[in-house]
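**Q** What follows is a predicted structure for the sequence shown.
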2 protein chains.
Amino acid sequence: MSKQELVVLGQDDASGCCPTLLTAPLDEDQAAELAPVFKALGDPVRLRLLSMIASQQGGEICVCDLTPAFELSQPTISHHLKLLKQAGLIASERRGTWVYYRLLPEKTDRLAAILTRPAAPAVPVPDKAGAAS
Amino acid sequence: MSKQELVVLGQDDASGCCPTLLTAPLDEDQAAELAPVFKALGDPVRLRLLSMIASQQGGEICVCDLTPAFELSQPTISHHLKLLKQAGLIASERRGTWVYYRLLPEKTDRLAAILTRPAAPAVPVPDKAGAAS
């Protein structure tokens, strides 16, 4: 009977940080840390704002360039941006009249990693005998 | 003055499906499709439930094995499971007394892909001249 080969999944996620939620149950602390970040992404306006910020070639974007893309007031946009910032997804810097936003990719990396399936499934080959219980 | 090279990112995400939200702004339809899925993950109990289901070696888990992990009533757990199911993250099957849940990995794959940075950044090398404006 061949020995099971246990593959060490040292780089099974993009950040090299943590087990994914697909390989091990999250504990309460991990869930409490991650849930607000997902919640911040749980709104179409915030998703679009984040994607506009994240895909900016120069790395940052002026709030004055974000607002015109939406049929929403600037205070509403600012509120959504504040929620993304509180979730640690973006950072901001005021320069003169305007505030500039940039992605904090560590946070999206962490979410991507937690949702990524390991390249090689770590499921051991079941023994033919003793599948009961 | 050198022309910018625009790299075509044909396979820049894990699923080979779509551009990530880090490379191009999401349109309204994409954001409206994705936001409810992120919202479903925006709760620590649902995150823990999903991770318990997803990391199950046999591929599925009985609701009777999920409930004892939480200090919550079974109707509350069932409500959270219903929201995960409505978001397309899990599927369920009733067999006898109990309902069994399994992950629908296409959905988590899609979220992982949308949050994953392309392997090679598509940022063009800045021209030394003319950095103004």
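**A** Noted; the coordinates are in hand.
**Q** When you work out contacts or count neighbours from here on, use the C-alpha atoms and nothing else.
**A** Will do.
**Q** would you list every one of the strands in chain A?
**A** A:61-62, A:90-95, A:98-103 (DSSP state E).
**Q** Now these in a markdown table, please, with extra columns for distance to chain B.
**A** A markdown table is the format used below for the strands of chain A (distance: least, CA to the nearest CA, whole Å):
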| stretch | distance to chain B |
| --- | --- |
| strand A:61-62 | 12 |
| strand A:90-95 | 12 |
| strand A:98-103 | 9 |
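**Q** Turn those into CSV, columns for mean neighbour count and mean pLDDT.
**A** Formatted as CSV, these follow (neighbours: other CA atoms under 10 Å in any protein chain shown; pLDDT from 0 to 100):
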stretch, mean neighbour count, mean pLDDT
strand A:61-62, 18, 96
strand A:90-95, 15, 97
strand A:98-103, 19, 96
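**Q** how about a markdown table for those, with distance to residue A:116 added?
**A** Below are the strands of chain A laid out as a markdown table (distance: least, CA to CA, whole Å):
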| stretch | distance to residue A:116 |
| --- | --- |
| strand A:61-62 | 29 |
| strand A:90-95 | 22 |
| strand A:98-103 | 20 |
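**Q** do you know which of those strands lies nearest residue A:32?
**A** Minimum separation from residue A:32 across the strands of chain A (CA to CA) falls at strand A:90-95, 19.4 Å.
**Q** now what about the closest one, what contacts it?
**A** Strand A:90-95 is contacted from outside by A:50, A:84-85, A:99-104, using CA atoms under 8 Å, 6 or more residues apart in numbering or on different chains.
**Q** start to end distance for stretch A:34-54?
**A** Its start and end residues considered, stretch A:34-54 measures 20 Å (CA to CA, to the nearest Å).
**Q** That's all I had, so thanks and see you.
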